[in-house]
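K.L.:
Let me see the structure of the following:
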Amino acid sequence: MKTDSIFYSLFQTFPSIFFELINKSPAEAVGYEFTSCEVKQLAFRLDGLFLPTSNESEKPFYVVEVQFQPDEDLYYRLFAELFLYLRQYKPVSPWQVVVIYPTRGIERQQTSQFSEMLAINRVRRIYLDELGELAETSLSVGVVKLVIEAEETAPQLARRLIDQAKQQLTDEVSKRDLINLIETIIVYKLPQKSREEIEAMLGLSELKQTKVYQEALEEGLTQGKQQGLEEGLAEGRQQSKLETIPRMVEFGLSLDAIAQLLDLPLEVVQQAVQQTGR
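P.N.:
Down below sits the predicted model:
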């Protein structure tokens, strides 16, 4: 599992962690959805987007980039994707960019091109090794820091975070999910260890046999099945709409009219027409 995948999984499951990481209230996560978005030109894709779930124009949307390897082209690519996204979707919310690095040494600033962009308050760079006291006191930020913890000390930090999760989280499903995520990070960091060895190392063997944990696991599976069913139905409805577009074009309806009738963005209708060659 790649480092950026771990972070995106973390933000997908626990979006409040992102907002705590940027010194915002974790409660703000309630008003956001973490997603990704295709930008048509040159097949660009923004993998990490926190989009407001309401149309409040003052709430920013966040473009999140996780960068654990030096990349001379990062800012060229990131700002190109951002501005193409703005041109294509014209969001009402102001943009914010957050780039997460393990250390400053990984960053390649390209100051001759981007020094002014990097200096504005819409662009934020987070260096995980500089989180300091926040990583010691906050469970959420501590889990983020676990990703860059040294192999020798990572199991000890993971055990402390698991103990914190047991004490601080009252929702059993959230507690189970966070503990599983901590375990996944350790599996990623210690690939030479088996899952059973890591469970024993973190003191999880007995925990996973408890009735409370098993009930939380069962509840999580039920929720996952329900969510999968709902997503499948939504995808099916969307596909049915797309399949009707060519016929509606044949009947002489304009693309604007089709978009309104099917309650689809005009860009989606245009793309469907292009794909059918009409």
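
K.L.:
which sections of this protein are below the confidence cut-off?
P.N.:
Applying pLDDT under 70 to the chain picks out residues 1-2, 39-44, 206-238, 240-241, 247-248, 250-253, 257, 260-261, 276-278.

K.L.:
And the helices in it?
P.N.:
3-13, 15-21, 74-89, 111-119, 133-137, 139-146, 154-168, 172-189, 195-201, 211-250, 255-262, 266-276 (DSSP state H).

K.L.:
Next, format the ones you listed as JSON lines and append mean neighbour count and distance to residue 105.
P.N.:
(C-beta placed from N, C-alpha, C; glycine too.) Putting those into JSON lines (neighbours: other C-beta atoms under 10 Å; distance: least, C-beta to C-beta, whole Å) gives the following:
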{"stretch": "helix 3-13", "mean neighbour count": "17", "distance to residue 105": "16"}
{"stretch": "helix 15-21", "mean neighbour count": "21", "distance to residue 105": "20"}
{"stretch": "helix 74-89", "mean neighbour count": "16", "distance to residue 105": "14"}
{"stretch": "helix 111-119", "mean neighbour count": "12", "distance to residue 105": "16"}
{"stretch": "helix 133-137", "mean neighbour count": "13", "distance to residue 105": "18"}
{"stretch": "helix 139-146", "mean neighbour count": "22", "distance to residue 105": "17"}
{"stretch": "helix 154-168", "mean neighbour count": "17", "distance to residue 105": "20"}
{"stretch": "helix 172-189", "mean neighbour count": "19", "distance to residue 105": "20"}
{"stretch": "helix 195-201", "mean neighbour count": "14", "distance to residue 105": "29"}
{"stretch": "helix 211-250", "mean neighbour count": "12", "distance to residue 105": "39"}
{"stretch": "helix 255-262", "mean neighbour count": "15", "distance to residue 105": "48"}
{"stretch": "helix 266-276", "mean neighbour count": "15", "distance to residue 105": "40"}
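
K.L.:
With distance to residue 46 added, can I get those helices in CSV?
P.N.:
Output for the helices of the chain, formatted as CSV (distance: least, C-beta to C-beta, whole Å):
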stretch, distance to residue 46
helix 3-13, 12
helix 15-21, 15
helix 74-89, 6
helix 111-119, 17
helix 133-137, 27
helix 139-146, 21
helix 154-168, 30
helix 172-189, 23
helix 195-201, 33
helix 211-250, 20
helix 255-262, 23
helix 266-276, 15
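
K.L.:
Compare these and give me the one nearest residue 96.
P.N.:
Minimum separation from residue 96 across the helices of the chain (C-beta to C-beta) falls at helix 74-89, 10.2 Å.

K.L.:
before we move on, the earlier item: compare the helices of the chain and report which one is nearest to residue 54.
P.N.:
Closest among these, using C-beta to C-beta: helix 15-21, at 15.1 Å.

K.L.:
quick one, what contacts the closest residue to residue 125 other than its chain neighbours?
P.N.:
Among residues not flanking residue 125 along the chain, residue 99 sits closest, at 5.0 Å (C-beta to C-beta, 6 or more residues apart in numbering). Contacts for residue 99 (C-beta atoms under 8 Å, 6 or more residues apart in numbering) come out as 65-67, 74, 78, 107, 123-126.

K.L.:
Kindly recompute the last result at 10 Å.
P.N.:
Residues in contact with residue 99 (C-beta atoms under 10 Å, 6 or more residues apart in numbering) are 63-67, 74-75, 78, 107, 118, 123-127.

K.L.:
Beta-bridge partners for it, please?
P.N.:
For residue 99, the beta-bridge partners are residue 65, residue 125 (DSSP bridges).

K.L.:
Next one: residue 145 from residue 117, what distance?
P.N.:
Note on residue 145: its distance to residue 117, by C-beta to C-beta, to the nearest Å, is 27 Å.

K.L.:
Repeat that for residue 275.
P.N.:
Distance from residue 275 to residue 117, by C-beta to C-beta: 35 Å.
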